[in-house]
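Participant: what shape does this take:
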Amino acid sequence: MAESPSRNTGAHIVYAELKRQILSLELEPGTRIYEPAMAETLKVSRTPLREAIRRLISENLLEQQPTGGVLVPALDEAVISELYEVRAAMESLMARQACVKATAADIEALNGILDRNAAMVQFADEAMLQGMALHAKIAEIAGNSWARRFHDQISSQMERYRHFTNSTQARRDQALAQHRILVETVAGGNPEEAAKLAFDHVMGARDAALRAITGRSLVIT
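Facilitator: Predicted coordinates for the structure are as follows:
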């Protein structure tokens with residue numbers, strides 16, 4: 001028997017709100033999810049809440065304990081490092097391939113994103129979105145469907161950490177400068193240099209995230 005549209009919609013709304021709270025650290029790492037209290041807070045029944053929790057567990061954004069409890073996962077330094085290392089490899093590969101395939105229209109589009117990034121560099125969330133747009137455009141230009149698929153999967157896991165990577169104005173300015181050099185290198189058709197720049201840029205973001213999270217005593221080592 002098919003589920004009703006209203007039930008599906010309700011579960012999706014609860015999922016989106018819980019995901020937002022987890023990614024923004026409004027629900028801090030280590031927080032236990034108590035279904036009755038959470039259902040009351042969100043003003044929903046237990047059924048859509050349970051569906052949302054199951055979905056978030058499948059995405060590793062919630063953690064099922066052997067005792068049956070559900071927790072917001074801790075921020076683990078080793079896991080964060082691994083995610084950024086894999087993402088750096090994917091970004092490096094796609095930057096290399098973009099050098100070979102980029103057209104004049106592609107470079108114009110990248111420069112347009114850079115202009116918006118520069119205009120928004122003082123605002124953390126907006127600057128982050130423009131940075132993500134730039135990397136997404138490079139992935140599109142590269143046209144490697146498998147690399148892009150793996151990259152998207154990794155990126156969804158990294159959403160908990162991404163806002164830490166541009167939490168200071170100095171880091172946002174640095175990221176913008178690195179984006180400019182990367183686009184110039186892609187436009188110049190230098191695959192190896194572009195690959196190195198993309199890799200180093202992501203690893204720099206890793207280091208910034210770890211410093212910020214450690215400073216808040218939220219990471220385990």
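Participant: any buried residues in the one helix or strand residue 95 maps to, and which?
Facilitator: Counting by DSSP states H and E, the secondary-structure element that holds residue 95 is helix 77-101. Judged by neighbour count (16 or more other C-beta atoms under 10 Å), helix 77-101 contains these buried residues: 79-80, 83-84, 86-99. C-beta coordinates here come from the backbone N, C-alpha and C atoms, glycine included.
Participant: one more: stretch 187-202?
Facilitator: For stretch 187-202, the neighbour count (16+ other C-beta under 10 Å) marks 187, 193-199, 201-202 as buried.
Participant: quick one, strands of this protein?
Facilitator: 63-64, 70-71, 75-76, 219-220 (DSSP state E).
Participant: any idea how far the third one is from the middle of the chain?
Facilitator: When you say that, I think you mean strand 75-76. 15 Å (C-alpha atoms, centre = their mean, to the nearest Å).
Participant: neighbouring strands for that strand, and are they parallel or not?
Facilitator: Looking at strand 75-76 with DSSP bridges, its partner strands are strand 219-220 (parallel).
Participant: just the pLDDT for residue 185.
Facilitator: Residue 185 carries a pLDDT value of 97.
Participant: so what's it closest to, chain neighbours aside?
Facilitator: The spatially closest residue to residue 185, leaving aside those adjacent along the chain, is residue 194, at 4.4 Å (C-beta to C-beta, 6 or more residues apart in numbering).
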